[in-house]
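In: Fold the following, please.
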Amino acid sequence: MKIGNLIVEVTRKCNIYCDHCLRGEPMNVNMKKEYIDSLLNQVDSIGSVCFSGGEPTLNLSIMEYFLDQCKDRRIDIGSFYIVTNGKNVAVNFVSFLLKLYSYCDDKESCSVQVSNDYYHKIECTYDISMLEGLKFFSKKYGKDGYDYDNDTFLKTEGRREGKKNKPIVIDEKRITVNEFEDEVEVYLNCKGEIINGCDWSYTNQKLHKLCDVGELSNYYQELIDSEVYS
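Out: Purely as a prediction, here's the structure:
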């Protein structure tokens, strides 16, 4: 299976509080190696991988394991995308980024970002000096005093559940496929479940579950056989 866009929820832990968080309250849950193995057993190549959370730097070991397994299995990775709140930037994280960057084929599309935008009510303080020299690093700063309670862009999931924003509607029976290259888009959560889309709270992810990770190839093939995409 070729995965065009892979999102891996490496942890549900977080070290910062944001009122707009679509995930909801953090959980003491990390991605298990067995779920990574189960996924990669079914994968031939990955166009882009995004390590998500929670705060992804709080489970650096599983990101390192993912990269090591891709190398051992000779699974190509085109690029990566990671957003961190910057509170846990350390030498080992930067070292991992450099190894991942070196392994990726599409280096121009690789990106790591620090988020300190106008949706945060608290001041996010950190030392990101180790990231600033990286070619693929960029900041995500926004203006102060933003009225996020009236922003229709924000999701009604998680801590914003019940707000007046419109909920997201999605076809829950499908795995998204790139119509030109026949590449699957996959979201793997910490519980080893394949979820349709990345915009759901931890509580509501169960409503959007497609299958367990070990069933991904069969699930996708059944959709093809049933001519869902015809």
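
In: give the contact list for the residue positioned nearest the centre of the chain.
Out: Centroid check for the chain by CA atoms, centre = their mean gives Ser52 as the closest residue, at 3.2 Å. The contact partners of Ser52, taken as CB atoms under 8 Å, 6 or more residues apart in numbering, are 7-10, 83, 198. Using the backbone N, CA and C atoms, a C-beta is placed for each residue, glycine as well.

In: That one and Ser217: what is the separation?
Out: 22 Å (CB to CB, to the nearest Å).

In: Can you identify each of the helices in the protein by residue range?
Out: For the chain, the helices defined by DSSP state H cover 33-40, 60-73, 91-103, 216-225.

In: Any idea how far apart the tips of stretch 205-213 sit?
Out: From its first residue to its last, stretch 205-213 covers 14 Å (CA to CA, to the nearest Å).

In: Quick one: neighbours of Asp105, just the number.
Out: A count of neighbours around Asp105, defined by other CB atoms under 10 Å, yields 12.

In: Hmm, I typed the wrong one, I wanted Asp37.
Out: Neighbourhood size, Asp37 [other CB under 10 Å]: 15.

In: hang on, it packs against Gln69?
Out: Yes: contact status for Asp37 versus Gln69: in contact at 6.9 Å, counting by CB atoms under 8 Å.

In: Most neighbours out of the contacts of Ser52, which is it?
Out: Val10 (29 neighbours).

In: Now for this structure, the helix or strand with the poorest mean pLDDT.
Out: Sorting the helices and strands of the chain by mean pLDDT, DSSP states H and E puts strand 137-141 at the bottom, at a mean of 68.

In: Can you show me the strands along the protein?
Out: Assigned by DSSP state E, the chain shows strands spanning 2-9, 45-52, 76-84, 111-116, 137-141, 184-188, 193-195, 209-212.
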